[in-house]
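[1] Coordinates only, no sequence provided:
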């Protein structure tokens, strides 16, 4: 017999792993036009800020998207310079902890840096930063 599907049928790929990299999830999502359910993912580790941002651009539930749970943790591996706005975007995407302790320099507007510093912490819905990072303010003024 032939297998017949209608355009209304939707297939879903389910990721059962609880720890993955952003690149792994992005690869799965890019390899298919199907929805990828990754709500079992608890930790996104060994990932650069750029890889996590690329993953978050594909996050969602309908169609060709990657569905993440809202409380995953993130381990950022960048050791150089990152944008404060990108770390704020990652932090806003999850209620889990974002470990950015390896980042050496944070660039951004005074507003973005102020928001990031306000969300700095060691657990929960916070961003972990190294106590000895440099900042470059691209516009505005900041009180340090």
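    Sure, I can see it. All values reported here derive from a predicted model rather than from experimental measurement. Residues are numbered from 1 along each chain as shown.

[2] rest of the way, CA atoms for contacts and neighbours
    Noted.

[3] Please read off the pLDDT at the residue most central in space within the chain from the model.
    Nearest residue to the geometric centre of the chain (Cα atoms, centre = their mean): residue 52, 3.8 Å. Residue 52 is assigned a predicted lDDT (pLDDT) of 98.

[4] Then residue 82?
    For residue 82, the predicted pLDDT is 98.

[5] Need the three-state assignment for the residue nearest to the centre of the chain.
    What DSSP: H, G, I helix; E, B strand; the rest coil gives for residue 52 is helix.

[6] Please report the distance of it from residue 22.
    Per Cα to Cα, to the nearest Å, residue 52 is found 5 Å from residue 22.

[7] Name all residues that make contact with residue 85.
    Neighbouring residues of residue 85 by Cα atoms under 8 Å, 6 or more residues apart in numbering: 108, 112, 113, 116.

[8] Correct me if wrong: the first one contacts residue 84.
    Yes. Taking Cα atoms under 8 Å as the contact criterion, residue 108 and residue 84 are neighbours in contact, 5.3 Å apart.

[9] Neighbour count: the two, which is higher?
    residue 84 (25 against 20; other Cα atoms under 10 Å).

[10] Show me what the worst-scoring helix or strand of the chain on mean pLDDT is in contact with.
    None of the helices or strands of the chain scores lower by mean pLDDT, DSSP states H and E than strand 12-14, at a mean of 86. When contacts are defined by Cα under 8 Å, 6+ apart, strand 12-14 is touched by residues 34, 35, 36, 37, 38.
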